[in-house]
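# The following comprises the amino acid sequence and a computationally predicted model.
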Amino acid sequence: MNIKFTSFARYAIMLRLCTAFVLAGIFSMLSERCNAQTLPNPAPDHIVILIEENQPNSWVMGQPSWAPYINALAADTDATMFTNMFALAHPSQPNYLDFFAGSDQGIPDDNLPVGYPFTTENLARELLDKGLSFATYLQDLPSVGFDGVNSTVGSYARKHNPLTNWVGTGSNQVPATMNQPMTAFPTDFTQLPTVSYVVPNEDSDMHNGFGQPTVLAGDYWMHEHLDAYIQWAKYHNSLFIYTFDEDNGVEGNRVPTVFFGPMVKSGKDSIQFNLYNMLRTIEDIYNLRYAGNAASS
């Protein structure tokens, strides 16, 4: 059957078709513009930060025979390797304090800090005040809230545990229950706090020893204890950060640093950053106050 249209009908059909094409073009243009914009990512549900130490960047990154797991992670499409990340001081303890609270609190060494518990701003208190959570998981910590200098078993070192210097009930202080042994690290990763530090003992964090065996030991510990979380983070809006507190004094305190997660732009970043910048980044992610020098970083 042949259908014949009046001139008006033909005009109406053509008008509708033209309108449809115009609208399609507009929606296509809007879609392209939306896709071209850099939209903010949702804040990670969890951030786990592994802190190792005392090796030069060049002995870890770009050395797959020394650190096979770390280098494979850095090459993943969900990873960014920061090639110009710097610690702030020597020895260890001031860097941990800087990263946790934006200041070394006037502590220049690894000795038991004078004047603790401190009452200055810090990442854990900022998260708590925002209704979020924080914990430090430390290998060989003898018990929850332990505040001794060393453990009798293993090679836990208090100088690598900045949170313990803010335990109390005063201004900006935090509960001792945030100070957890590594054995308490959840196997159900949905139960992790919003942000957590993971600190191996000195035999596992590349501190004790020299050269390839020491780096391999740290690489192996990271794989054994955190690979399950790292693989889970990829599909659960969570972030893993690998960094160091300091180098061994031969490369200007440039430290290995990798961010890994589904919200990470892959590749290498050569902009110069330091531990204050990293603290500020975490504070910005969760819209927190700024601690110490993070405010101007």
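Sure, I can see it.

# for the helix or strand hosting T136, packing partners?
Per DSSP states H and E, T136 falls inside strand 134-138. Contacts of strand 134-138 with other secondary structure elements, assessed using 3 or more CB pairs under 8 Å, 6 or more residues apart in numbering; DSSP states H and E, are made with helix 123-129, strand 179-181, strand 195-199. Just so you know, the C-beta spots here come from the backbone N, C-alpha and C atoms, and that holds for glycine as well.

# Find the residue at the geometric middle of the chain.
In the chain, the C-alpha closest to the average C-alpha coordinate belongs to I241, at a distance of 3.4 Å (CA atoms, centre = their mean).

# I'd guessed it sits against L279; true?
No - with contact defined as CB atoms under 8 Å, I241 does not reach L279; the gap is 11.1 Å.

# do you know how far the residue nearest to A67 when sequence neighbours are not counted is from Q63?
What sits nearest to A67 in space, not counting adjacent residues and going by CB to CB, 6 or more residues apart in numbering, is D219, at 4.2 Å. Distance of D219 to Q63, computed by CB to CB, to the nearest Å: 10 Å.

# quick one, which of the two is more surrounded?
Of the pair D219 and Q63, D219 is the one with more neighbours under other CB atoms under 10 Å, namely 23 against 19.

# for that one, what are its contacts?
D219 makes contacts with 66-70, as judged by CB atoms under 8 Å, 6 or more residues apart in numbering.

# again with S266
Contacts for S266 (CB under 8 Å, 6+ apart) come out as 76-80.

# one more time with 10 Å, if that's ok
Taking CB atoms under 10 Å, 6 or more residues apart in numbering, we find S266 in contact with 74-81, 259-260.

# just G168 next, same as before
Contacts were defined as CB under 10 Å, 6+ apart; by that measure G168 touches 116-119, 174-176.

# returning to that earlier point: just the buried ones from the contacts of S266?
When the contacts of S266 are checked for burial by 16 or more other CB atoms under 10 Å, the buried set is 74, 78-81, 259-260.

# Dump those residues to JSON lines, plus pLDDT.
What follows is the buried ones among the contacts of S266, written out as JSON lines (pLDDT from 0 to 100):
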{"residue": "A74", "pLDDT": "98"}
{"residue": "D78", "pLDDT": "97"}
{"residue": "A79", "pLDDT": "98"}
{"residue": "T80", "pLDDT": "98"}
{"residue": "M81", "pLDDT": "98"}
{"residue": "F259", "pLDDT": "98"}
{"residue": "F260", "pLDDT": "98"}
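
# returning to that earlier point: just the buried residues of the strand or helix carrying the residue nearest to A67, please?
In the assignment (DSSP H and E), D219 maps to helix 212-233. Judged by neighbour count (16+ other CB under 10 Å), helix 212-233 contains these buried residues: 214-219, 221-223, 225-226, 229-230, 232-233.

# cool, and stretch 253-268?
Neighbour-count burial for stretch 253-268, with 16+ other CB under 10 Å as criterion, is recorded at 253-261, 263-264.

# ok, the closest residue to L192 other than its chain neighbours to L239 distance?
Nearest residue to L192, sequence neighbours excluded (CB to CB, 6+ apart): H46, at 4.6 Å. When distances are taken as CB to CB, H46 and L239 turn out to be 7 Å apart.

# Identify the contacts common to those two.
Listed as contacting both H46 and L239 by CB under 10 Å, 6+ apart are 195, 233, 261.

# Do I have it right that the residue nearest to the centre of the chain meets H46?
No - when contacts are counted by CB atoms under 10 Å, I241 is not listed as touching H46 (11.1 Å).

# Need the overlap of contacts for these two.
Taking CB under 10 Å, 6+ apart as the contact definition, I241 and H46 share the neighbouring residues 195, 261.

# one step back: among the buried ones among the contacts of S266, which lie within helices?
With helices taken from DSSP state H, the overlap with the buried ones among the contacts of S266 comprises A74.
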